[in-house]
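> Fold the following and give me the result.
(one chain, ligands or ions: 1)
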Amino acid sequence: MHRYSAQCLLRRGIRSRTQREPCYRKILPAATRWHYTAQESLKCAWQLHNDHLEFRYADTLMRFDYVWLRDHCRSASCYNTKTNQRSLDTASVDLNIKPKTVRVDETTLFLTWPDGHVTRYGLAWLMKNSYEGQKQQIMHPRVLWNADIYQQAHVPSVDCQSFLETNDGLKEFLQNFLLYGIAFVENVPPTKEDTEILAERISLIRETIYGRMWYFTSDFSRGDTAYTKLALDRHTDTTYFQEPCGIQVLHCLKHEGTGGRTLLVDGFYAAEQVLRQAPEDFKLLCKVPLKHEYIENVGGCHNHMIGIGPVLNIYPWNNELYLIRYNNYDRAVINTVPYDVVHSWYAAHRTLTTELRRPANELWVKLKPGKALFVDNWRVLHGRESFTGYRQLCGCYLTRDDVLNTARFLGLQA
Ligand SMILES: [Fe+2]
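Numbers count the residues shown, from 1 in each chain. Okay, here's the model as predicted:
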């Protein structure tokens, strides 16, 4: 692959072709040639290759496969702008297709295909939607935190009334949530019904085997350690679902006793430390799939859930971490990993666990009636210390897609 410096290309753009040619021969195959738009738009240049179009715009070099260019045509017969859906049957596109002619003006790329069909692409649209353009973007901005960073940020809680009644309140809450993976709402009436209204303000509630809204007491009504008074080490929930629940809502309705503080740890901050210190461990945790399992036979509840996936999940195109699946209680027998990888995986898991258990990374909060906590279960681990007395929590899970949908509707990058 050739690499051209932006400055170099821009400089060449204002020279005549005869001046440019000798320089090109050094870096390009003899058959290829750059085409430029008018002098006023020197930021744009293109080159037709056998199987792709090379295109430079706004200092970004992009490469487009011809089938991709035909497939993404936004003409009225290929794309329905009312429904934002493709009308073109992609399977009807010749896999060896190549544009007959190419033209570029100040704002638009025009491609004419062998059958005469014309495709127009806005240059800014191409830039935004190209692989090279996307690679430079993250899905959403985050502030990775340890206890100190989070406390220093003085992230405000949002008042319940503002959260429920104003878009500004909701937006502020979601902005905090997207940045830190946790957010609080204050002055919530301490009832299950009011907590449900809160949850429904931003998302559909994700009903699970635990029901829609759940009560948490130490009555061991379900076959899970969460329903006891014991301490719970940091973990993410529902790792045994193929798609772990996206968001957890927790609201302490009553506690007459001692202890029971909630522990929060930013899993992405810990993973970032692993990436810096031991990139091979990070890679292994991204690659090796594991099973998590929930087997319950208590009372009338009979459940057997299995979720499979690596501990760390990254988007393949930009390596951005989007999901941590970490629950040592629910990790099933490891039978998806060959013997000669198992030991390295245990070592990598230990590296991550060491980071997750570093006291400096632990944020301890006391949940009180009226203060509801939203936790990004794909990012932030939670746990609790043991407690005495009667403690009642209620909460629910939210579907991640719907929370992000609300955030996007309010203009946030999510
Ligand atoms: Fe949990």
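> How about the secondary structure of Asn96?
With DSSP: H, G, I helix; E, B strand; the rest coil as the basis, Asn96 sits in coil.
> Do a quick rundown of the helices in the stretch 51-200 of the chain.
66-71, 123-129, 131-135, 147-153, 160-165, 167-180, 192-202 (DSSP state H, counting those that start in this stretch).
> Check the offset of the fourth one from the chain's centre.
Mean C-alpha position of helix 147-153 versus that of the full chain (Cα atoms, centre = their mean, to the nearest Å) differs by 23 Å.
> cool, the fifth one as well?
Its chain's C-alpha centre and that of helix 160-165 lie 27 Å apart, by Cα atoms, centre = their mean.
> Lowest average confidence across the helices of the stretch 51-200 of the chain, which one?
Here the lowest mean pLDDT among these goes to helix 131-135, at a mean of 83.
> In the chain, which helix is the longest?
helix 339-356 (DSSP state H).
> Which elements pack onto the next helix or strand after it?
For helix 339-356, the succeeding helix or strand toward the C-terminus, using DSSP states H and E, is strand 363-365. For strand 363-365, the elements it packs on are helix 147-153, strand 262-266, judged by 3 or more Cβ pairs under 8 Å, 6 or more residues apart in numbering; DSSP states H and E. For every residue, glycine as well, the C-beta is placed using N, CA and C.
> tell me which residues in the first one are buried?
To tie it back to what came earlier, the one meant is helix 147-153. Residues of helix 147-153 classed as buried: 147, 149-150 (neighbour count, 16 or more other Cβ atoms under 10 Å).
> and which of these is nearest Thr354?
Nearest to Thr354 among the buried residues of helix 147-153, counting by Cβ to Cβ, is Ala147 at 16.2 Å.
> Surely that closest one is in contact with Leu363?
Yes. Under the criterion of Cβ atoms under 8 Å, Ala147 makes contact with Leu363 at 4.7 Å.
> what about the stretch 1-150 of the chain, any weak spots by pLDDT?
1-33, 36-42 (pLDDT under 70).
> Okay, strands next: where are they in it?
For the stretch 1-150 of the chain, the strands defined by DSSP state E, counting those that start in this stretch occupy 35-36, 45-48, 52-57, 60-65, 79-80, 85-86, 101-104, 108-112, 118-122.
> circling back to that earlier point, columns distance to Tyr210 on top of the helices and strands packed on strand 363-365, output as a markdown table?
Conversion of the helices and strands packed on strand 363-365 to a markdown table gives the following (distance: least, Cβ to Cβ, whole Å):
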| stretch | distance to Tyr210 |
| --- | --- |
| helix 147-153 | 28 |
| strand 262-266 | 18 |
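> give me the beta-bridge partners of Val118?
Beta-bridge pairing for Val118 (DSSP bridges): Thr112.
> That one and Leu111: what is the separation?
From Val118 across to Leu111, the span is 7 Å (Cβ to Cβ, to the nearest Å).
> Comparing those two, which residue is more hemmed in?
Between Val118 and Leu111, counted using other Cβ atoms under 10 Å, Leu111 has the larger neighbour count: 22 against 13.
> correct me, but that one touches Lys98?
No. Look at Leu111 against Lys98 with Cβ under 8 Å: they stay out of range, at 9.7 Å.
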